[in-house]
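Asks: Next comes the sequence, and after it the predicted model I'd like to discuss.
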Amino acid sequence: MANLLTSDMTRVLQLGDRTLTGAEVLPLLAEYQILPLLIREMIIDEAIAQVPCTAEEAKQASEQLAEQYQFTSEAMRQLWLQQHGMSAKQFDAMAIRQFKLEKFKQITWSSDLESYFFQRKPQLDRIVYSLISTSDIGIAQEIYFRIQEKEQSFEQLAREYAQGSEKETDGLVGPIELQAVHPALAKMLSISQPQELLPPTQLGEWIVLVRLEKLLPAKLDRALRQRLINERFHSWLQTQITEQNWQIQQPESVNILSQIGSSR
């Protein structure tokens, strides 16, 4: 088990029989890419420092976190705390921090969420489409004319000629968000009408035939609201991390000094 040592600031971590000093720990944090995570959490702590949390909210936060971890008994909770080297007080602090973070997100980004939703909506709309991909332009043209003349269905031809994974689904793909589709293909589908068969088109190494089957417009329901708020939070957080001017200094008299946001 790893323990933090506080009696002597030159020794900061006990790992089995090995004792690590600050000068030894810092290069490891950098090597294992843990420092950016530390910066991230410090930025969050600063952001939520002034977010209020009543005693009742703190109690509810702790209960909700216990439910999240599926503690069905106090014994299970205590076992989990023991396994993670955490006290009940630290668990409650973690629950409060999580609650305050969610409250910070709501306070900061919920008021203009509808305008952000309409900005993002074209990428969030879901579609169902039919696809046949082949490496042979001659076959692609033949398939196109057969479908146009109603000689065979798209499904039949997909089973027979498709060379991609769509072969397993009779050419049917989706529902899938437009932003998850290949950009060139997404552009084609976004300006087409349902049941409109598009001519064979070169897409990378493939020749594709595609037909939009159904458009499923995104709706700003509770789940999507939370997703968009999280999206805006992560975008903000990444900007904050990028803008931080941080460095590690190890003068002889000081083992650990992290300087963050010197411009603040």
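Replies: Looks like it came in fine.
Asks: Report the separation between the residue most central in space within the chain and Arg126.
Replies: The residue lying closest to the centre of the chain (C-alpha atoms, centre = their mean) is Glu231, at 7.7 Å. Between Glu231 and Arg126 the computed distance is 17 Å (C-beta to C-beta, to the nearest Å). Yep, even glycine has a C-beta here, placed from its N, CA and C like the rest.
Asks: and if you look at Ala186?
Replies: From Ala186 to Arg126 the distance is 12 Å (C-beta to C-beta).
Asks: Now the common contact residues for the two.
Replies: Leu178 (C-beta atoms under 8 Å, 6 or more residues apart in numbering).
Asks: where do the strands sit along the stretch 51-200 of the chain?
Replies: 126-134, 172-177, 197-203 (DSSP state E, counting those that start in this stretch).
Asks: for the ones you listed, which one ends up most surrounded?
Replies: Comparing the strands of the stretch 51-200 of the chain by mean neighbour count (mean count of other C-beta atoms under 10 Å), strand 126-134 ranks first with a mean of 22.
Asks: low-scoring stretches of the stretch 1-150 of the chain, by residue?
Replies: 1-12 (pLDDT under 70).
Asks: quick one, helices of it?
Replies: 22-31, 35-48, 55-68, 74-83, 88-109, 113-124, 137-148 (DSSP state H, counting those that start in this stretch).
Asks: In terms of secondary structure, what does the second one contact?
Replies: Helices and strands touching helix 35-48, by 3 or more C-beta pairs under 8 Å, 6 or more residues apart in numbering; DSSP states H and E, are helix 88-109, helix 222-243.
Asks: Please go through this protein and pick out the longest strand.
Replies: strand 206-216 (DSSP state E).
Asks: Quickly run through the sheet partners of that one, with directions.
Replies: Strand 206-216 pairs in its sheet with strand 126-134 (antiparallel), strand 197-203 (antiparallel), by DSSP bridges.
Asks: what residues does the longest one touch?
Replies: Contacts made with strand 126-134 from outside it, assessed by C-beta under 8 Å, 6+ apart, are listed as 140, 143, 154-155, 157-158, 161-164, 166, 171-178, 181, 189, 203, 206-216, 218.
Asks: how does the chain divide up, domain by domain?
Replies: 1-32, 126-216 (automatic domain parsing).
Asks: Just name the most buried of these.
Replies: Taking mean count of other C-beta under 10 Å, domain 126-216 is the most buried of these, at a mean of 16.
Asks: And that domain, end to end?
Replies: 5 Å (C-alpha to C-alpha, to the nearest Å).
Asks: again with stretch 111-131
Replies: 40 Å.
Asks: in that stretch, what's buried?
Replies: Leu113, Phe117, Arg120, Leu124, Asp125, Arg126, Ile127, Tyr129, Ser130, Leu131 (16 or more other C-beta atoms under 10 Å).
Asks: Redo those residues as JSON lines? Include distance to Gln64.
Replies: Listed next are these as JSON lines, based on distance: C-beta to C-beta, whole Å:
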{"residue": "Leu113", "distance to Gln64": "23"}
{"residue": "Phe117", "distance to Gln64": "26"}
{"residue": "Arg120", "distance to Gln64": "28"}
{"residue": "Leu124", "distance to Gln64": "28"}
{"residue": "Asp125", "distance to Gln64": "33"}
{"residue": "Arg126", "distance to Gln64": "31"}
{"residue": "Ile127", "distance to Gln64": "36"}
{"residue": "Tyr129", "distance to Gln64": "40"}
{"residue": "Ser130", "distance to Gln64": "44"}
{"residue": "Leu131", "distance to Gln64": "43"}
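Asks: Out of the strands of the stretch 51-200 of the chain, which gets nearest to Ile241?
Replies: Closest of the strands of the stretch 51-200 of the chain to Ile241 is strand 172-177, at 26.6 Å (criterion: C-beta to C-beta).
Asks: quick one: strands adjacent to that closest one?
Replies: Strand 172-177 has these strand partners (DSSP bridges): strand 126-134 (antiparallel).
Asks: if we can go back for a sec, so which of the buried residues of stretch 111-131 is the closest to Phe99?
Replies: Using C-beta to C-beta, the buried residues of stretch 111-131 come closest to Phe99 at Leu113, 19.9 Å.
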